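Student: Any chance you can model this:
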Amino acid sequence: MCPSKKKVLMIYTGGTIGMVPGEHGYTPSPEALSKALENIRDLNQPTAPTWELLEFHPLLDSSDITVKEWNKIGRTIAEHYASYDGFVVLHGTDTMAYTAAALSFMLENLDKPVILTGAQIPLCEMRSDGYDNIINSVLLAASDKLCEVCLYFNGTLLRGNRSTKLSSDRLGAFDSPNYPHLAECGIQIQFHDQALLQPQAGPFRLQEFEEIPIGVLKVFPGIQLQLFESIMTKKLHGVVLETFGAGNIPSSQNALLPVIEKAHRSGCVLTVCSQCPQGAVSLGTYETSQGLIRTGAVSGHDMTTEAAVAKLYYLFSRYADPETVKEKMGNNLRGELTQ
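Tutor: You can find the predicted model right below:
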């Protein structure tokens, strides 16, 4: 890594890292982050990568991030792609894993690092974790080893579309339960080379997302599936079904399968993910998952719900045929699943 020769663009979308106290709690404040960055000595040393800050207007709490903002972030990276060696996206933590997954699909044939990070404690407060997260993210964005969308938090680098938020009050807020860490940032930055994504063939390309109707349905004991039947219309393009364990649904409730069959007939692609943070869906292993196979559901393998949602948006934005989308949902495209 030769950070002094690299140029990194930081894109600030909003989030805790740059917030300041307001009348009703922490709130985004224009230019507050830029002033804080000027005082981070490590970022301004001669050996640090050259960096610039681009601040979105308006700044958003990450709970307000939508497909529109995903496209805006993707366009910003695409517009500046030739001018920088890497990118850091500063983002709120609540939906950071969704954005990381979305960018991983949106940025086709990526051959530069894109690192998402943020903070649990604002930079304006004592003990802010934002300092470490920013400094290491900038260094990682200047690395020659990375050519994928990643998420950095609390000393750990994760694959973006494998990450999920596990804690709202620990500094180590994120993990990737079904995939090894890409790097650990201790005294040295230790990359796990065997876990890194290899460069993809072809020129870099941005695939923006269309605002397609997609749903997430979590199965729970006693769920009344009849209540959801009315939404399974031709307008609904995809559903992520969070099942028990390895893909199991209540066998005593016959209401679920007709609802799924109705969705399938309407061209809806139903992807089965597990409610368990660790482990994979294996349709057919248990009798209670056989019905899902018969109704045309596709296994999400060990994808996170965040990755499955983003992947549905991506595939439906690129392909018109639901059968093509269904086929590709079960295929590994960006290291998001173990096939």
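Student: all helices for the stretch 151-300 of the chain, in order.
Tutor: For the stretch 151-300 of the chain, applying DSSP state H, counting those that start in this stretch gives helices covering 256-265, 290-294.
Student: Deepest in the core, which of those is it.
Tutor: Comparing the helices of the stretch 151-300 of the chain by mean neighbour count (mean count of other CB atoms under 10 Å), helix 256-265 ranks first with a mean of 19. Using the backbone N, CA and C atoms, a C-beta is placed for each residue, glycine as well.
Student: Mind giving me the packing neighbours of that one?
Tutor: strand 269-274, helix 290-294 (3 or more CB pairs under 8 Å, 6 or more residues apart in numbering; DSSP states H and E).
Student: go with 7 Å
Tutor: strand 269-274 (3 or more CB pairs under 7 Å, 6 or more residues apart in numbering; DSSP states H and E).
Student: Who does the strand it packs on pair with, and is each partner parallel or antiparallel?
Tutor: According to DSSP bridges, strand 269-274 forms sheet pairs with strand 238-243 (parallel), strand 298-299 (parallel).
Student: Give the phi and psi angles for residue 62, as a check.
Tutor: phi -70, psi -20 (degrees, to the nearest 10).
Student: Next, the contact list for it, please.
Tutor: Neighbouring residues of residue 62 by CB atoms under 7 Å, 6 or more residues apart in numbering: 14, 15, 91, 92, 93, 94, 95, 96.
Student: Distance of the third one relative to residue 51?
Tutor: By that I understand residue 91. When distance is defined by CB to CB, to the nearest Å, residue 91 is 17 Å away from residue 51.
Student: Between these two, point out the one with more neighbours.
Tutor: residue 91 (28 against 21; other CB atoms under 10 Å).
Student: which phi and psi does that one have?
Tutor: Residue 91 adopts backbone torsions of phi -150, psi 150, taken as degrees, to the nearest 10.
Student: wait, it sits on residue 97?
Tutor: No. Using CB atoms under 7 Å, residue 91 makes no contact with residue 97, being 9.9 Å away.
Student: Quickly list what's touching both of those two.
Tutor: Counting by CB under 7 Å, 6+ apart, nothing touches both residue 91 and residue 97.
Student: low pLDDT regions in the stretch 101-250 of the chain?
Tutor: 225-234 (pLDDT under 70).
Student: Now do the strands in it.
Tutor: 107-108, 114-117, 149-153, 156-159, 164-165, 174-175, 183-185, 189-191, 205-206, 214-218, 238-243 (DSSP state E, counting those that start in this stretch).
Student: Spatially nearest residue to residue 15, not counting backbone neighbours?
Tutor: Leaving aside its sequence neighbours, residue 15 sits nearest to residue 92 (CB to CB, 6 or more residues apart in numbering; 3.0 Å).
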